[in-house]
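Student: Let me see the structure of the following:
(one chain, ligands or ions: 1)
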Amino acid sequence: MNSYSKSATLMQRGCDFLGSQYAILCGAMSWVSERNLVSAISNAGGFGVIACGAMTPDLLDGEIAGTKSLTDKPFGVNLITMHPQLFDLIDVCTQHGVGHVVLAGGIPPKGSVEAIKAGGAKVICFAPTLALAKKLLRSGADALVIEGMEAGGHIGPVSTSVLAQEMLPELAAEHLVFVAGGIGRGEAIAGYLEMGACGVQLGTRFACATESIAHPDFKKAFFRANSRDAITSVQLDPRLPVIPVRALRNKGTEAFTAKQREVMGSLDREEVAMAEAQLQIEHYWAGALRRAVIDGDVENGSLMAGQSVGMVKAEEPVADIIAQLMQECESALTRR
Ligand SMILES: Cc1cc2nc3c(=O)[nH]c(=O)nc-3n(C[C@H](O)[C@H](O)[C@H](O)COP(=O)(O)O)c2cc1C
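Tutor: Modelled structure (predicted):
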């Protein structure tokens, strides 16, 4: 870390909290963030996070064990709050002594933060607004991620630069805040660290690393894409609230519109309730992402990607990506 002394100083709180060499998280990406990528990130000094997604407790158990067999460095597990077996998944994390659990996909249900902490792990939550950030911290969150709409996957409505300006001056002195969304180079990391962030989270930049098991055609689609190709899904009907998803434009983008029409039809005919309709939409995304990441169907699957995809040009080992980010960050801080 000596060669990155200015960055190290600004990342110190984040590194102490994560137990990693650099305060750079690789955000959980469903199907992509499994044992190979997660262990590679942690072995390279970053902080890998397993994407539990829709996994059963048994599958998560196997994935954590597999990751442990590939690294002795700390890593985290990302759990989706609406998972019907959330508390069983928390138990699995506790049994493995996982140090950090990230709760994603909405407000943590009652008792979940307490259950994670009782098991000895630290809790990281996503904070979409300043008011909610304060509430999450009062409820026991140990650290926050603020993620702007430039990010890949499910997104909120506000950009990273605005969220950072709204939240960091209020929170960063006393709390641990990691910034995510649209980060492709180290100069941007330097900027957020100077504003008070204790670290950053990136997804898109790591999705096509050499160690990522994503299908070669998924990776090729990323290398070809420009920032403007990573577009957000549209909500067809105000009655069915769908969380926008950022992905590369393809036939799958149109298929999602058709899927919404189908689910709206079921709602109109009162065949399903709203909660079930929303779950159907989320299952659709999980399936579509799998088709692209695992099967390599880049036409019909979902190519979830952030706007920083334009800066992803070739397959590179995780260690090289992290070294490049740290060098850019350090040079930017040195030039100040
Ligand atoms: C392919 C893909 C899948 C993702 N899946 C998840 C997920 O399952 N859970 C989650 O909390 N975030 C997910 N994300 C968001 C990332 O964890 C991360 O926060 C985001 O990619 C950061 O922004 P960036 O893409 O601009 O770097 C996903 C992102 C991508 C690109």
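
Student: State the distance from residue 178 to the ligand.
Tutor: 9 Å (CB to the nearest ligand atom, to the nearest Å). From N, CA and C alone the C-beta is placed, and that goes for glycine too.

Student: Next, count neighbours for that residue.
Tutor: For residue 178, the neighbour count with other CB atoms under 10 Å is 26.

Student: Identify the bridge partners of it.
Tutor: Residue 178 forms beta bridges with residue 145, residue 199, as assigned by DSSP bridges.

Student: show me what contacts it?
Tutor: 14, 23, 25, 124, 143-146, 197-201 (CB atoms under 8 Å, 6 or more residues apart in numbering).

Student: same question, residue 197
Tutor: Here residue 197 is in contact with 14, 164, 168, 172, 177, 178, 179 (CB under 8 Å, 6+ apart).

Student: can you tell me how far the closest residue to residue 100 other than its chain neighbours sits from the ligand?
Tutor: In this structure, residue 100 finds its nearest non-sequential neighbour in residue 76, 3.7 Å apart by CB to CB, 6 or more residues apart in numbering. For residue 76, the distance to the ligand equals 11 Å [CB to the nearest ligand atom].

Student: looking at it, residue 76 is touching residue 96, isn't it?
Tutor: No: if you go by CB atoms under 8 Å, residue 76 and residue 96 don't touch, sitting 11.5 Å apart.

Student: So which of those two has more stuff around it?
Tutor: Per other CB under 10 Å, whichever of residue 76 and residue 96 has more neighbours is residue 76, with 25 against 18.

Student: ok, that one - contacts?
Tutor: Here residue 76 is in contact with 25, 28, 47, 48, 49, 50, 98, 99, 100, 101, 102, 124 (CB under 8 Å, 6+ apart).

Student: ok, and what's touching the helix or strand hosting residue 246?
Tutor: Secondary structure assigned from DSSP states H and E places residue 246 in strand 245-248. For strand 245-248, the external contacting residues (CB under 8 Å, 6+ apart) are 149-155, 221-222, 225, 229-233, 253, 256, 285, 302-307, 309.

Student: tally of neighbours for residue 242?
Tutor: Around residue 242 there are 21 residues (other CB under 10 Å).

Student: Does it belong to a helix, a strand or coil?
Tutor: What DSSP: H, G, I helix; E, B strand; the rest coil gives for residue 242 is coil.

Student: Residue numbers of the stretch 201-336 of the chain in contact with the ligand?
Tutor: By CB under 6 Å from any ligand atom, the residues of the stretch 201-336 of the chain that approach the ligand are 201, 202, 203, 204, 205, 207, 304, 305, 306, 308.

Student: Buried ones in the host helix or strand of residue 328, by neighbour count?
Tutor: Assigned by DSSP H and E, residue 328 falls within helix 318-335. Residues of helix 318-335 classed as buried by neighbour count (16 or more other CB atoms under 10 Å): 318, 319, 321, 322, 323, 325, 326, 328, 329, 330, 332, 333.

Student: so who does the third one touch?
Tutor: Shown in contact with residue 321 (CB under 8 Å, 6+ apart): 205, 206, 209.

Student: Angles on the backbone of the residue of the stretch 151-300 of the chain found nearest the ligand, please.
Tutor: Using CB to the nearest ligand atom, the closest approach of the stretch 151-300 of the chain to the ligand is made by residue 203 at 2.0 Å. Note on residue 203: backbone dihedrals following degrees, to the nearest 10 are phi -120, psi -60.

Student: show me the residues around it that make contact.
Tutor: For residue 203, the contacting residues are 26, 27, 28, 29, 151, 152, 153, 180, 306, by CB under 8 Å, 6+ apart.

Student: again with residue 3
Tutor: residue 330.

Student: ok, of the contacts of residue 203, which come out buried?
Tutor: 26, 27, 28, 29, 151, 152, 153, 180, 306.

Student: export the longest helix along the chain as CSV, just CAs?
Tutor: In the chain, with assignment by DSSP state H, the single longest helix is helix 274-293. Only the C-alpha atoms of helix 274-293 are listed here, as CSV (Å, rounded to 0.1, in the frame of the first residue of the first chain):
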residue,chain,number,x,y,z
MET,A,274,-49.6,-6.9,-6.5
ALA,A,275,-46.8,-8.4,-4.4
GLU,A,276,-46.9,-11.6,-6.5
ALA,A,277,-46.9,-9.5,-9.7
GLN,A,278,-43.8,-7.7,-8.5
LEU,A,279,-42.1,-11.0,-7.6
GLN,A,280,-42.8,-12.3,-11.1
ILE,A,281,-41.1,-9.2,-12.5
GLU,A,282,-38.0,-9.9,-10.3
HIS,A,283,-38.0,-13.6,-11.3
TYR,A,284,-38.1,-12.5,-14.9
TRP,A,285,-34.9,-10.4,-14.4
ALA,A,286,-33.1,-13.2,-12.6
GLY,A,287,-33.9,-15.6,-15.4
ALA,A,288,-33.0,-13.1,-18.2
LEU,A,289,-29.7,-12.2,-16.5
ARG,A,290,-28.8,-15.9,-16.2
ARG,A,291,-29.5,-16.4,-19.9
ALA,A,292,-27.0,-13.7,-20.8
VAL,A,293,-24.3,-14.4,-18.2
